[in-house]
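>>> fold the following.
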Amino acid sequence: MDYEPDFDDRVPPSFDRMKNIAQDIEAKGFNPGLIVLLVVGGLLLAFLIGNYALYTYAQKTLPQKKKKPVSKKKMKKERLKQGVSAPGE
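Residues are numbered from 1 along each chain as shown. A predicted model of the protein is given here:
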């Protein structure tokens with residue numbers, strides 16, 4: 001067994017690359033998935049808060065909806081149900 005390794009003084013290239021990858025992962029900082037989640041969550045929260053603000057502003061400033069006028073025919077029916085005779089009958 002006369003095995004003489006070619007890499008006496010240095011690390012094999014495959015292990016050297018793994019060391020660099022490990023250092024790159026630690027140096028990146030935040031997880032990209034976490035960043036995407038925070039951005040999407042922030043946009044959703046801003047959308048909901050904006051909608052609430054516009055809703056409250058509209059409630060304060062816009063006039064109330066007008067009710068539809070009741071037709072004479074319906075008023076006559078209501079009076080007959082209550083037992084009051086309609087005028088002219």
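>>> by mean pLDDT, flag the weakest helix or strand of the chain.
Within the chain, no helix or strand scores below helix 13-28, which has a mean of 62 by mean pLDDT, DSSP states H and E.
>>> show the average pLDDT along the helix ranked longest in the chain.
Across the chain, the longest stretch assigned as helix under DSSP state H is helix 32-61. For helix 32-61, the mean pLDDT works out to 96.
>>> report the buried residues of the very next helix or strand once past it.
Where DSSP states H and E defines the elements, the next helix or strand beyond helix 32-61 is helix 72-82. Within helix 72-82, no residue is scored as buried using 16 or more other CB atoms under 10 Å. For the C-beta atoms, the positions are set from N, CA and C on the backbone; glycine is no exception.
>>> and helix 72-82, C-alpha only, in CSV?
Only the C-alpha atoms of helix 72-82 are listed here, as CSV (Å, rounded to 0.1, in the frame of the first residue of the first chain):
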residue,chain,number,x,y,z
LYS,A,72,-99.1,55.7,-3.6
LYS,A,73,-100.2,52.1,-4.3
LYS,A,74,-98.0,50.7,-1.6
MET,A,75,-99.2,53.4,0.9
LYS,A,76,-102.8,52.5,0.1
LYS,A,77,-102.1,48.8,0.8
GLU,A,78,-100.4,49.7,4.1
ARG,A,79,-103.4,51.8,5.2
LEU,A,80,-105.8,49.0,4.3
LYS,A,81,-103.7,46.5,6.3
GLN,A,82,-103.9,48.8,9.3
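>>> brilliant, that's me finished.
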